[in-house]
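A.B. asks: model the following, please.
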Amino acid sequence: MNAGPSALAGLRPATPSATPFRRTCLECGQPFGSGVREAEFCGPPCRMVFNNRRAKRGAELYDLFMALRHDRRTATALKVWRLLNRCAAIFREEDRRERAGRRSWRDPAEILARRPYLQAEILRPAGKRPE
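C.D. replies: Residues are numbered from 1 along each chain as shown. Next comes the predicted model:
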């Protein structure tokens, strides 16, 4: 038996309450309905494109940031802080050109809500490093 979309249509409620949350897809910018409050994408293709872009960009930023944080001499010589800012400007221009100006990053408040430990401060006497 072929279970195509028309065969499955009778199994899904066709009432407005089936999709009480109206959202806008983070990738394509189109509105969509979802039964899940946290839904971010209209479908798997948009989710994959969005996450693949973030992974590619993130890998570049990660390498530069880790050099900045842990290999200060090299980072200073190569002006890594400037490179990080240039990457951000290039990414934002790509967003304007390819995504009608929609941002390609999540709100920092959402990240902090999911990972509250990032706001914790480690207090120790100056000059003392953990052993």
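
A.B. asks: burial count for F50?
C.D. replies: 19 (other C-beta atoms under 10 Å). Just so you know, the C-beta spots here come from the backbone N, C-alpha and C atoms, and that holds for glycine as well.

A.B. asks: now it: closest residue in space, sequence neighbours ignored.
C.D. replies: Spatial nearest neighbour of F50, excluding adjacent residues (C-beta to C-beta, 6 or more residues apart in numbering): E27 at 4.3 Å.

A.B. asks: hmm, that neighbour is touching V49, no?
C.D. replies: Yes: in terms of C-beta atoms under 8 Å, E27 counts as a neighbour of V49; the distance is 5.4 Å.

A.B. asks: more crowded one of those two?
C.D. replies: In this comparison of E27 against V49, neighbours counted by other C-beta under 10 Å, the higher total goes to E27 at 21 against 14.

A.B. asks: so how far is R47 from the more buried one?
C.D. replies: Going from E27 to R47 by C-beta to C-beta, to the nearest Å gives 7 Å.

A.B. asks: how many residues are close by the residue nearest to F21 when sequence neighbours are not counted?
C.D. replies: If you skip the residues right next to it in sequence, F21 has S34 as its closest partner in space, 5.0 Å away by C-beta to C-beta, 6+ apart. Per other C-beta under 10 Å, the neighbour tally for S34 reads 16.

A.B. asks: so in this protein, which helix runs the longest?
C.D. replies: For the chain, the longest helix by residue count, based on DSSP state H, is helix 44-70.

A.B. asks: now do that one, average pLDDT.
C.D. replies: When pLDDT is averaged along helix 44-70, the result is 94.
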